[in-house]
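In: Provided below for reference: sequence and predicted model.
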Amino acid sequence: MMTYEELQELAASEVEKQEQHDYCVRVCLAAGCLSLYNDEIKNALEIAVEDRGLGDKVAIKGVGCMGLCAAGPLVSVEPDGVLYERVSVDDAPAIIDALGKDPVEHIHCPLDIPFFERQQKIVLENSGVVDPESIEDYLTRQGYEALMIALTEMSSAEVIDEVVRSGLRGRGGGGYPTGLKWQTVAKAMGDTKYVICNGDEGDPGAFMDRSVLESDPHRIVEGMVIAAYAVGAQKGYIYVRAEYPLAIERLKLALRQARRHGVLGDNILGTGFNFNIEIRLGAGAYVCGEETALMASIEGNRGNPRPRPPYPADHGLWGDSTLINNVETFANIAPIVRNGGDWYASIGTEGSKGTKVFALAGQIQNTGLIEVPMGITLREIVEEIGGGTPGEKAFKAVQTGGPTGGCIPKEYLDVPVDFDSLVELGSIMGSGGMIVMDETSSMLGVARYFMEFCMTESCGKCIPCRVGTAQMFRLLDKITKGQGTMTDLELLEELCDLTKYASLCGLGQSAPNPVLSTLRYFRHEYLEQIIDAPEPVA
Amino acid sequence: MAVRSRIKTLKIDGRDVSGHEDESILDIARENNIYIPTLCQLDGLSIVGACRLCLVEVQGWRKLVPACATYIEEGMEVFTNTERLQNYRRMILELLFSEGNHICAICVSNGNCELQDLAQKLGMDHVRFPNLQPVRTVDMTHERFVVDRNRCVLCARCVRVCDEIEGAHTWDIKGRGVDARVIPDLDIDWGDSPTCTSCGKCVNVCPTGALVVKGQPSGEMIKRQEFLVYLSEIREARNG
Amino acid sequence: MGKVTVATVWLDGCSGCHMSLIDMDERLIELAEHIEVVYSPLVDRKDYPDSVDVAIVEGAVSTDEDEAKIKKIRTHTKVLVALGDCAVDANVPAMRNPIKVQDVMDRGYTDPETVALQPQIPTENLPRLLPYVRPMHEVVDVDVFVQGCPPSADTIYYVITELLAGRQPDLNQMTRPGA
């Protein structure tokens, strides 16, 4: 067991150790760049350093995601402030030779582009900077300072008050006020309470949580321990999909390190507070991201949702009061406690505070991970940060909110991004997936694709979702093939209505969104495919 | 056993009614002879809210709520049979018929089937959705019973009765979406199940002809469910 | 005013619905004063008339012949009644749907287990089976759905008299699938 003073000493000696090096070369070892063999580039850089006898001067550090995944493998150099893109093994010697001099031209990625300049990083402040496998490195970035503040200087109620004041809303998609949720769990009866981190990120094209877990796992641990202290929980679970092996590996390591350093387990930091965390792996069912299904899965049952109320705060894991938040939500907690809720509330819009991480995917130049203040417009995200659609193709729509979100056409690009405005446009914030489509994309095809996803991922418990999605998929397929009639279109709309209002859980209730939003903005594309459609009125 | 419980008053379809705070809208409606269709719900089994037939509208609430899983609240105004609900219910039945192979004419439960009764009561005179043409199996390996998955509506009553009342948990559900199926144990032949006690409770709670006694002529399979409430009360009392 | 012209048609069904129709017994005589059966398995006419007021159709759509026939009937009929479960939901004929058409044919014509003499799949004068047996309303628009296997004589009588009176029959309480 370590005290906070000992942790601070550890952090100080780590800083000292790091300062002995004149240069730090950071190599992204998150899943994107790893898939491009950035680990081999890291080896090559180490060899290059060794060959030049620079071992004392240059540190090569594996770090998490730097965001601009489209340009990977990425390598950055500090204190030069240089970013290299599309690096290959052969570039390693040149990168080392250029330390402190002009950057290597052909792989140099300018940092004064909107992609970097327009971002504001809270959740991702450590991503691409710290070594996700080192608690010492996390400590040098004010790691576990918020936990210490919470445990020693604040009451549970005060911690919750900061979260309430921050205006933070759940980042998993629903946007429920986090502080209110914490208050409810804190007030709930019962001696046993649980804290669950929902890392069952399943939206196609979404990789926000994955990236945070791979790049800065201690931040999640810290957020969860603070939450446990605030609500009075003793046991926590992180539910991660088994498809994220790297995230799981780094989380496991982080949990071991956290226990060894006294920030997790019994008598945390000598304060007498006990809290432990276990990892539970999801077996790939999308619906397990729904909180009641997720809890059923943790309990060892089939991952089916159940009606709410009762909400998890009232009747959660094994019937006990349970706080369940998403990865990104927990990632915001430490900075909120450290800097105060008012600081956080000063960022964003009236109804949506703080920043949001988005995964940019689809037909966009700068595929990758970004963090932007709430209230930024879609245009700024797509055209400036994202660099617009590649080639000569014109932008057509952006799909937010994953398979159960909606498609937003170019007319609404100037709408500020927050929870409520996206709902008004017939989409949702969701967990942060953003898929950009150009003029070649068929909106009917998009609706069909997402309906197929919902159909295969429906758990099958309630009838409107189980059969409704299957029948809607059939109808969309029929219309896509040019065999649909106006009667089919009417049936499709009736089914959208039924599934939206009669389904048991969020999956079914939002499954029609891609159809509804494409019908709202691109109805003509449906009519063009329908046999007996009336002639368009000029 | 004296349990303190508050009394709430509310309106169902314009009628003033009252009940205990731990009673559901469905409980109170039934007590007052107000019909709300149900399929997955069965007295004596846990509530799952899966079939969505008992959805009702509550004045001022944005969402429709399942009457079986929603406790009554003071002053709430419930509407159980609006045109919108009637349409939804009919459509839910159409969906059920479209995903299975429900051929009533040659079913042993013909005339004694909850699904068939619902179709009649709710006025479903045909199915507008094409049949999904599922390929489903019939398992006749059990000595006394048959499971015909063609006729299964996935209400999971069998799963619940086997787990909650019999304590065997032989039945469960495998697969997702329209591919979901009831299976004994880890999807073995029912006749080979080491956990099945052959008690027949699953057969009796099954609302359709999916679980039946072997060798019944068409239309003569009559299910008996009265036992369930007593058994579940005894079990609850024993569990304290 | 002339009599209302009525056709009865037999697609893929067992003729049980027609039996039920005949089961109206003496009420048939009463109906005969108001209607004229212009086309039916029970009368001699071979071609469907150009214009029929009411067609009462039994059976599911199983073959290309059924499909062509019902489409033709729809064009020449004012009110189309789907009579019985086969017409309404494909019923027993649909039991072959989970099985491939080729396997159905083999079982019927060549499988030694079922065919003792001259196993061969006929190539002439046999309507081609559709991949799936379908209820009538999936092929043409249907005006009245009469469930039942078969619908009772009372039900059929009610349907006909309501139509004669110019009303849409409300069958909610009289019919259900299966019985």
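Out: Perfect, I can see it now. Residues are numbered from 1 along each chain as shown, chains lettered A, B, ... in the order given.

In: low pLDDT regions in the chain?
Out: This is for chain A. By pLDDT under 70, the weakly predicted segments of chain A are A:1, A:537-538.

In: let's do chain C instead
Out: Across chain C, the ranges flagged by pLDDT under 70 are C:1.

In: for the most centrally placed residue in it, which non-adjacent residue is spatially closest?
Out: Central residue of chain C (Cα atoms, centre = their mean): residue C:58, 1.6 Å from the mean position. Distances taken as Cβ to Cβ, 6 or more residues apart in numbering or on different chains put residue C:17 closest to residue C:58, at 3.8 Å, once the chain neighbours are dropped. Bear in mind the C-beta positions are built from the backbone N, C-alpha and C, glycine included.

In: how near is that neighbour to residue C:83?
Out: Separation of residue C:17 from residue C:83 (Cβ to Cβ, to the nearest Å) stands at 5 Å.

In: give me the pLDDT for residue B:144.
Out: Looking at residue B:144, its pLDDT stands at 97.

In: so what's the nearest residue to it once chain neighbours are set aside up against?
Out: Closest residue in space to residue B:144, ignoring its immediate chain neighbours: residue B:214 at 5.7 Å, by Cβ to Cβ, 6+ apart. When contacts are counted by Cβ atoms under 8 Å, 6 or more residues apart in numbering or on different chains, residue B:214 touches B:140, B:142-146.

In: what residues does stretch B:100-117 touch?
Out: Contact with stretch B:100-117 is made by B:39, B:93, B:96-97, B:131, B:134, B:136, B:150-153, B:207-209, B:212, B:216-223, C:85, C:91-92, C:94-95, C:97-98, C:149, C:176-179, as judged by Cβ under 8 Å, 6+ apart.

In: got the residues of chain B near chain A?
Out: B:47-52, B:55, B:63-64, B:66, B:69, B:87-88, B:91-92, B:95-96, B:98-99, B:128-130, B:132, B:153-154, B:156, B:172-173, B:175-180 (Cβ under 8 Å from any Cβ of the partner chain).

In: how about a cut-off of 6 Å?
Out: B:49-52, B:55, B:64, B:66, B:69, B:88, B:91-92, B:95-96, B:99, B:129, B:132, B:176-178, B:180 (Cβ under 6 Å from any Cβ of the partner chain).

In: any chance of a PyMOL selection covering the buried ones in the residues you listed?
Out: Typed into PyMOL, the line below selects the buried ones among the residues of chain B next to chain A, using 16 or more other Cβ atoms under 10 Å in any protein chain shown:
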select buried, chain B and resi 49+50+51+52+55+64+66+69+88+91+92+95+96+99+129+176+177+178+180
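
In: only the buried residues of whichever strand in chain A runs longest, if you could.
Out: Ranked by residue count under DSSP state E, the longest strand found in chain A is strand A:273-282. For strand A:273-282, the neighbour count (16+ other Cβ under 10 Å) marks A:273, A:275-277, A:279-282 as buried.

In: which of those residues sit farthest apart?
Out: Within these, A:273 and A:282 form the most distant pair, 28.6 Å apart (Cβ to Cβ).

In: before we move on, which element is residue A:497 in?
Out: Following DSSP states H and E, one finds residue A:497 within helix A:486-502.

In: any residue of the following helix or strand past that helix touching chain B?
Out: Once the chain leaves helix A:486-502, the next helix or strand it forms, by DSSP H and E, is helix A:506-510. No - figure legend: helix A:506-510 not in contact with chain B (Cβ under 6 Å from any Cβ); closest approach 8.6 Å.

In: helices or strands up against helix A:506-510?
Out: Helix A:506-510 sits against no helix or strand, with contacts defined as 3 or more Cβ pairs under 6 Å, 6 or more residues apart in numbering or on different chains; DSSP states H and E.

In: who's in contact with that helix?
Out: A:287, A:290, A:404, A:464-465, A:499-500, A:503 (Cβ atoms under 6 Å, 6 or more residues apart in numbering or on different chains).

In: swap in stretch A:124-135?
Out: Outside stretch A:124-135, the residues within contact range by Cβ under 6 Å, 6+ apart are A:61-66, A:137-138, A:141, A:215-217, A:250, A:253, A:257, A:261, A:371.

In: one step back: phi, psi of the residue nearest to residue C:58?
Out: Per-residue torsions, residue C:17: phi -70, psi -40 (degrees, to the nearest 10).

In: any idea how far residue A:73 is from the nearest residue to residue C:64 once chain neighbours are set aside?
Out: Closest residue in space to residue C:64, ignoring its immediate chain neighbours: residue C:128 at 4.7 Å, by Cβ to Cβ, 6+ apart. Distance, residue C:128 to residue A:73, by Cβ to Cβ: 60 Å.

In: out of these two, which sits in the busier spot?
Out: residue A:73 (28 against 10; other Cβ atoms under 10 Å in any protein chain shown).

In: isn't there a helix covering the more buried one?
Out: No - remark: residue A:73 does not belong to a helix; assigned using DSSP: H, G, I helix; E, B strand; the rest coil, it is coil.

In: wait, it sits on residue A:34?
Out: No - using Cβ atoms under 6 Å, residue A:73 is not in contact with residue A:34, being 8.5 Å away.

In: spit out the contact partners of the closest residue to chain B within chain A.
Out: Nearest residue of chain A to chain B, counting by Cβ to the nearest Cβ: residue A:460, 3.3 Å away. Contacts of residue A:460 were listed using Cβ under 6 Å, 6+ apart, and they are A:466, B:176-177, B:180.

In: okay, among those, which ones form the most distant pair?
Out: A:466 and B:176 (8.7 Å).

In: which helices and strands does the helix or strand hosting residue A:152 pack with?
Out: Per DSSP H and E: residue A:152 is located in helix A:145-153. On a contact count with 3+ Cβ pairs under 6 Å, 6+ apart, helix A:145-153 meets helix A:217-231, helix A:327-339.

In: tell me which residues are up against the helix or strand just after that helix.
Out: Per DSSP H and E, helix A:145-153 leads on to helix A:156-166 as the next helix or strand towards the C-terminus. With contact meaning Cβ under 6 Å, 6+ apart, helix A:156-166 is reached by A:150, A:178-179, A:182-183, A:230, A:336-337, A:341-342, A:344-345.

In: need the contacts of helix A:506-510 in JSON lines (columns: neighbour count).
Out: Formatted as JSON lines, those follow (neighbours: other Cβ atoms under 10 Å in any protein chain shown):
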{"residue": "A:287", "neighbour count": "28"}
{"residue": "A:290", "neighbour count": "28"}
{"residue": "A:404", "neighbour count": "24"}
{"residue": "A:464", "neighbour count": "28"}
{"residue": "A:465", "neighbour count": "31"}
{"residue": "A:499", "neighbour count": "30"}
{"residue": "A:500", "neighbour count": "18"}
{"residue": "A:503", "neighbour count": "26"}
